[in-house]
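*Asks:* Just need the structure, nothing else, for what follows:
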Amino acid sequence: MISLINILEDIRKDFLKEQYKDSVVLTRRFVLEKNNIIIVSLYKNTGLCEIAIEIPEKITIEELNSIPKWKGMEEKCEMLSDKIGSRRRRCLSFEQLRGYDQAIFINVMQDICDALKYVDKEKCVSIVKKTLQKWSIFFQLEKNYVLSANVQQGLYSELWILEKMIKKKGVKALEYWTGCNSEAHDFYIGCDAVEIKSSSAKGPERVKISNEYQLDETCVMGVLYLICLNIKRSEVDGEKLSEIVARIMLQLDLKQKEIFKEKLLKVGYVYAISELYTYHFRVREESCFIVKDKFPRITPKNVGKGIGAVEYEISLDACRSYMIEIESFYKGVGY
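*Replies:* Numbering: from 1, shown residues only. This is a model prediction of the structure:
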């Protein structure tokens with residue numbers, strides 16, 4: 001498996017050598033296991049890179065035009081050679097644009113290279129298209145690709161529960177995590193649903209509810225659980241997202257790891273760039289409630305006509321009569 005990060009670093013070192021001191025661009029060619037050819041180029045003056053993939057002559061312009069196009073890179077079909085006098089090849093080329101994060105570009109290209117490793121050349125364009133479609137949600141997220149502190153905290157909370165679910169119910173629990181898919185609730189286990197909320201407030205504990213449907217148990221065939229985590233968020237104390245992600249990864253097989261990475265990508269977390277996520281978290285307390293009867297909440301039934309997208313807060317002190325032991329939750333959910 002080729003590593004684009006290592007290849008680009010080697011090219012940067014080559015620019016320092018006497019024989020390359022006047023070079024504007026340096027190029028390397030690599031042949032993957034199924035004879036797919038990858039051409040990596042780095043431009044000296046700008047530091048921008050370009051990744052090209054040799055494609056069959058029979059690939060039509062219509063097929064190439066169907067490939068998703070994303071900000072930060074320019075796609076083009078061109079004839080390229082990897083060195084002076086070598087055979088020119090028909091290539092699909094991805095050029096990094098100025099002003100965009102090179103780390104993101106390299107990770108997208110690395111994902112494509114990894115996907116092409118065991119694929120025949122005739123299928124290379126469809127694999128490129130499929131891989132870029134997988135990244136589509138990520139490119140629709142925040143402009144700078146950096147998750148806010150609150151989003152990182154929310155993701156950490158869901159992963160903290162996911163990790164415990166895996167320990168209690170096995171790796172099948174990965175399928176239960178649906179918060180990454182913008183579902184109504186964060187986990188669906190059998191007929192039951194689980195909503196995860198967190199708070200880093202030091203005072204009386206309150207949690208924010210995003211809309212009138214989140215605590216509406218009539219939309220759930222089984223039981224609706226609310227798990228609330230009191231979290232310490234810090235720049236130095238606790239563990240980062242990358243640490244809990246790494247622990248979960250250790251429990252998954254290769255296929256499950258790819259599914260997990262794709263789920264993370266949907267919420268804007270790029271597995272290979274852990275340095276983007278700098279906040280540390282520590283769970284102080286975990287509480288679980290069954291949402292039913294007169295549990296304090298706003299639902300579509302008690303919202304006036306014409307009112308929607310209701311955001312509100314609930315005090316956990318007012319919910320104590322609906323609290324259950326957390327171990328009772330893990331034993332009973334999904335049954």
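
*Asks:* quick one, longest helix in this structure?
*Replies:* Taking DSSP state H as the criterion, the chain has its longest helix at helix 149-169.

*Asks:* next helix or strand past that helix?
*Replies:* Next in sequence after helix 149-169, counting helices and strands by DSSP states H and E, comes helix 173-176.

*Asks:* model confidence over whichever helix or strand comes after that following helix, on average?
*Replies:* Using DSSP H and E, the helix or strand that follows helix 173-176 in sequence is strand 187-189. In this model, strand 187-189 carries a mean pLDDT of 96.

*Asks:* before we move on, what about stretch 213-225?
*Replies:* Stretch 213-225 shows a mean pLDDT of 93.

*Asks:* buried residues in that stretch?
*Replies:* Y213, Q214, L215, D216, E217, V220, V223, L224, Y225 (16 or more other CB atoms under 10 Å). Placement of C-beta: from N, CA and C, glycine included.

*Asks:* which among those residues gets closest to L174?
*Replies:* Nearest to L174 out of those is Y225 (CB to CB; 18.5 Å).

*Asks:* Helices of the stretch 1-150 of the chain, start to end?
*Replies:* Here the stretch 1-150 of the chain has its helices, by DSSP state H, counting those that start in this stretch, at 4-14, 61-65, 102-116, 124-134, 136-139, 149-169.

*Asks:* For E54, grab the count of nearby residues.
*Replies:* 19 (other CB atoms under 10 Å).

*Asks:* Return the set of residues that bridge with the closest residue to it other than its chain neighbours.
*Replies:* Excluding the flanking residues, the one nearest E54 by CB to CB, 6 or more residues apart in numbering is I37, at 4.0 Å. On the basis of DSSP bridges, I37 is bridged to V31.

*Asks:* I37 reaches T27, doesn't it?
*Replies:* No - using CB atoms under 8 Å, I37 is not in contact with T27, being 12.0 Å away.

*Asks:* And M109, how far from Q102?
*Replies:* Between M109 and Q102 the computed distance is 10 Å (CB to CB, to the nearest Å).

*Asks:* Repeat that for R12.
*Replies:* Plainly put, R12 is 12 Å away from Q102 if you go by CB to CB.

*Asks:* repeat for R206
*Replies:* According to CB to CB, R206 and Q102 sit 41 Å apart.

*Asks:* who's more crowded, those two?
*Replies:* Using other CB under 10 Å as the criterion, R206 and Q102 rank with R206 on top: 17 against 13.

*Asks:* bridging residues for the more buried one?
*Replies:* S315.

*Asks:* OK, contacts around it?
*Replies:* Listed by CB atoms under 8 Å, 6 or more residues apart in numbering, the contact partners of R206 are S199, E313, I314, S315, L316.

*Asks:* I only care about those residues that end up buried; give me the ChimeraX line for that.
*Replies:* Here is the ChimeraX selection string for the buried members of the contacts of R206, based on 16+ other CB under 10 Å:
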select :199,314,316
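
*Asks:* tell me which residues in the lowest-mean-pLDDT helix or strand in the chain are buried?
*Replies:* Ranked by mean pLDDT, DSSP states H and E, the helix or strand of the chain with the weakest confidence is helix 136-139, at a mean of 75. Going by neighbour count (16+ other CB under 10 Å), the buried part of helix 136-139 is I137, F138, F139.

*Asks:* any idea whether the residue positioned nearest the centre of the chain is helix, strand or coil?
*Replies:* For the chain, the residue nearest the mean C-alpha position is L265 (1.5 Å; CA atoms, centre = their mean). Under the three-state scheme (DSSP: H, G, I helix; E, B strand; the rest coil), L265 adopts helix.

*Asks:* State whether it and Q140 are indeed in contact, as I suppose.
*Replies:* No - shown here, L265 and Q140 do not form a contact pair, counting by CB under 8 Å, at 11.5 Å.

*Asks:* Which residue, other than its chain neighbours, is closest to V207?
*Replies:* Closest to V207 by CB to CB, 6+ apart is K197, at 4.0 Å.

*Asks:* beta partners for that neighbour?
*Replies:* K197 has these beta-bridge partners by DSSP bridges: C228.

*Asks:* Wait, it touches S210, no?
*Replies:* No - the pair K197 / S210 is not scored as a contact, 9.4 Å apart, by CB under 8 Å.

*Asks:* Those two - which one has more neighbours?
*Replies:* Just comparing K197 and S210: by other CB under 10 Å the higher neighbour count belongs to K197, 22 against 12.

*Asks:* ok now do the more buried one, which residues does it touch?
*Replies:* Counting by CB under 8 Å, 6+ apart, K197 has contacts S157, V207, K208, I209, L226, I227, C228, L229.

*Asks:* now do W160
*Replies:* L229, I244, V283.

*Asks:* now the second one, what's its secondary structure?
*Replies:* Same thing as I244. Taken by three-state DSSP, the conformation at I244 corresponds to helix.

*Asks:* excluding its backbone neighbours, what's nearest T46?
*Replies:* With CB to CB, 6+ apart, the residue lying closest to T46 is R98, at 7.0 Å.

*Asks:* Please consider this matter closed, and thank you.
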